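Enquirer: For reference, the sequence and a predicted model appear below.
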Amino acid sequence: MISLADFQARIEQGALLPDAAIGQSREAIRAQDNAIGAFVRHDPRARAQTAGPLRGIAVGIKDIIDTADFPTEMGAAIYRGHQPRADAPVVMALKQAGATIIGKTTTTAFAANDPTATVNPRNHAHTPGGSSSGSAAAVAAGMVSLALGTQTGGSVIRPASFCGVAAIKPSYRLLPTVGVKCFSWTLDTVGLFGAGVRDVALGLAAMTKRTDLVVPSAVPAPRIGMVTQAFAGAPEPSGAEALQRAARAAEQAGATVREIAVADVIAEAWRIHPDVQEFEAHQSLAWEYGQNYEAMPPLLRGRLDESKGGTPAEYDAAMDVTLRARQALAGIFDEVDVLLTLSAPGAAPKGLTSTGDPRYNRLWTLMGVPCVNVPTLVAEAGLPVGVTVIAPFGGDAKALAAASFVEDALGK
């Protein structure tokens, strides 16, 4: 993989020219993407900018995010050839930081659950996850050092776990979703993929101009609360092993680790996440579903068919649970600095008919809290499994620092 931190340091030292760095990404895409299929399209003549902290850094953009230089087709036939007039604010933030937008990465249609043809770079017989399939795969294959994705259920953290890369789903609205195809306005969150935790921290810091997000060279040992999410069902053996291994490594490195039992209302919030998501999706996709029904991707169309009976009263009740659960979760962080939990049930499923199960991600998306995937182990068939570090709302710097602590502890 390409480390953003390494490229950035070498460019600043004059040991690597920005255009040479972009050239490495161009060559890697040319050599690998026919087999992996991470990009919808890319610019084979992309060049580096001359200034900014991300000069020489090639970035892939999930194809539900508007770009003025590339079509935005949302993985859907309905939008084939659709060309936005303007970049989404998150794309402009990257450009203003000096990054080069090298191409658009694959997405499941409308960032839902109809899979792409993208394969997992670690094992081509397995899914890379979704819906940010191409972004995770492009970073894992060493084609780019940074990529943007989005998460409504588990679409950043889960593919990062499956592909063995670091990723952050930031606090809700730290990154604007203007110019991003909406699925659920309460849940949709723009996130980043990188080779390691420090890489995504540098990317997020440059985009937001928040220097406190950069992980310091020395990170104090955090107080960690481990959450098994029993309300979401039992994980596979590789998922359970990843959680235990990360907890042991962090404890051996000096962190305090104890299992946390969450309040019933938090478990209830996990249950009602789909009530919020699908009710809002019917409004967000009203034109596509109502006027282009036959052209809708089949799995998403089936989801909307099944959930069209959702009522405002049910939605309001779900939002009430959401508010109370967020308040209860905030209280947990009086006792611990961060939470540690599963990123996925286990390794990536075989085949490309499913992008995997987001059941261990969706609660935290609904809570709006920052989540960081830390690659943890390699299971059978060379497939990675990660864990998630979670901080309180607005505590993105804390989440990144603690995730870096866990990452370093696992490497010892």
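Expert: Great, that's in hand. Residues are numbered from 1 along each chain as shown.
Enquirer: which residues are in contact with stretch 292-299?
Expert: Contact with stretch 292-299 is made by 75-78, 108-110, 112-114, 288-289, 301, 304, as judged by C-beta atoms under 8 Å, 6 or more residues apart in numbering. Where you see a C-beta, it was placed from the backbone N, CA and C, and this is true even at glycine.
Enquirer: Please list all residues in contact with the residue most central in space within the chain.
Expert: Among the residues of the chain, the one closest to the centroid is Val156, at 1.9 Å (C-alpha atoms, centre = their mean). For Val156, the contacting residues are Ser132, Gly149, Thr150, Ala167, Ile168, Lys169, Thr189, Gly191, Leu192, Phe193, Cys371, Asn373, by C-beta under 8 Å, 6+ apart.
Enquirer: gap between stretch 318-337 and the chain center?
Expert: Stretch 318-337 sits 22 Å away from the centroid of its parent chain (C-alpha atoms, centre = their mean, to the nearest Å).
Enquirer: I'd like the average pLDDT over that stretch.
Expert: The average of the pLDDT scores along stretch 318-337 is 98.
Enquirer: again, but for stretch 153-168
Expert: 98.
Enquirer: All the strands of the stretch 51-200 of the chain, residue numbers only.
Expert: Using DSSP state E, counting those that start in this stretch, the strands of the stretch 51-200 of the chain run over 58-62, 100-105, 146-151, 166-169, 189-194.
Enquirer: so can I have TSV of those showing distance to Gly225 and mean neighbour count?
Expert: Putting the strands of the stretch 51-200 of the chain into TSV (distance: least, C-beta to C-beta, whole Å; neighbours: other C-beta atoms under 10 Å) gives the following:
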stretch	distance to Gly225	mean neighbour count
strand 58-62	31	30
strand 100-105	34	27
strand 146-151	22	30
strand 166-169	19	30
strand 189-194	22	28
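Enquirer: Redo these as a markdown table? Include distance to Glu241.
Expert: Shown next, in a markdown table, are those (distance: least, C-beta to C-beta, whole Å):
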| stretch | distance to Glu241 |
| --- | --- |
| strand 58-62 | 30 |
| strand 100-105 | 30 |
| strand 146-151 | 24 |
| strand 166-169 | 19 |
| strand 189-194 | 23 |
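Enquirer: To Ile332, which of the ones you listed lies closest?
Expert: The minimum distance between Ile332 and the strands of the stretch 51-200 of the chain falls on strand 166-169, with 18.4 Å, by C-beta to C-beta.
Enquirer: Going along the chain, name the strands of the stretch 251-400 of the chain.
Expert: Using DSSP E, counting those that start in this stretch, the strands found in the stretch 251-400 of the chain span residues 256-259, 338-342, 371-378, 384-390.
Enquirer: Most tightly packed of those?
Expert: Neighbour counts (mean count of other C-beta atoms under 10 Å) averaged over each of the strands of the stretch 251-400 of the chain peak at strand 384-390, with a mean of 29.
Enquirer: Run me through the strand neighbours of that strand, direction for each.
Expert: strand 338-342 (antiparallel), strand 371-378 (antiparallel) (DSSP bridges).
Enquirer: Which of those sits closest to Val40?
Expert: Once the strands paired with strand 384-390 are compared by C-beta to C-beta, strand 371-378 is nearest, at 23.4 Å.
Enquirer: what does the closest one contact?
Expert: Applying C-beta under 8 Å, 6+ apart, the contact partners of strand 371-378 are 156-157, 160-161, 164-169, 197, 200, 238, 241-242, 245-246, 343, 361, 364-365, 384-390, 399-400, 402-403, 406-407, 410.
Enquirer: circling back to that earlier point, and the gap between the spatially closest residue to the residue nearest to the centre of the chain that is not a sequence neighbour and Gly154?
Expert: Among residues not flanking Val156 along the chain, Gly191 sits closest, at 3.7 Å (C-beta to C-beta, 6 or more residues apart in numbering). Distance, Gly191 to Gly154, using C-beta to C-beta, to the nearest Å: 11 Å.
Enquirer: Quick check: neighbours shared by the two?
Expert: Counting by C-beta under 8 Å, 6+ apart, nothing touches both Gly191 and Gly154.
Enquirer: if we can go back for a sec, out of the contacts of Val156, which comes closest to Asp264?
Expert: Nearest to Asp264 among the contacts of Val156 is Cys371, at 21.9 Å by C-beta to C-beta.
Enquirer: how much space between the closest one and Ala117?
Expert: 27 Å.
Enquirer: ok, now Asp63?
Expert: Distance, Asp63 to Ala117, by C-beta to C-beta: 13 Å.
Enquirer: list residues touching both of those two?
Expert: By C-beta under 8 Å, 6+ apart, Asp63 and Ala117 have these common neighbours: Thr106.
Enquirer: For the two, indicate the residue with more neighbours.
Expert: Using other C-beta atoms under 10 Å as the criterion, Asp63 and Ala117 rank with Asp63 on top: 29 against 9.
Enquirer: Show the contacting residues for the closest residue to that one other than its chain neighbours.
Expert: Among residues not flanking Asp63 along the chain, Lys104 sits closest, at 4.3 Å (C-beta to C-beta, 6+ apart). Contacts for Lys104 were tallied using C-beta under 8 Å, 6+ apart; they are 39-42, 60-63, 67, 70-73, 134.
Enquirer: of the contacts of Val156, closest to Lys308?
Expert: For these, the nearest to Lys308 is Thr150 (23.6 Å; C-beta to C-beta).
Enquirer: how near is the closest one to Arg301?
Expert: Here Thr150 is placed at a distance of 20 Å from Arg301 (C-beta to C-beta).
Enquirer: and what of Gln8?
Expert: Distance of Gln8 to Arg301, computed by C-beta to C-beta: 44 Å.
Enquirer: Please give me every residue in contact with Thr107.
Expert: Residues counted as contacts of Thr107 (C-beta under 8 Å, 6+ apart) are Lys62, Asp63, Ile64, Met74, Gly75, Thr116, Gly130, Ser131, Ser132, Ser133, Gly134.
Enquirer: go again using 6 Å as the cut-off
Expert: Thr107 makes contact with Lys62, Asp63, Ile64, Gly75, Ser131, according to C-beta atoms under 6 Å, 6 or more residues apart in numbering.
Enquirer: Same check on Leu339?
Expert: Counting by C-beta under 6 Å, 6+ apart, Leu339 makes contact with Gly225, Val227, Ile390.
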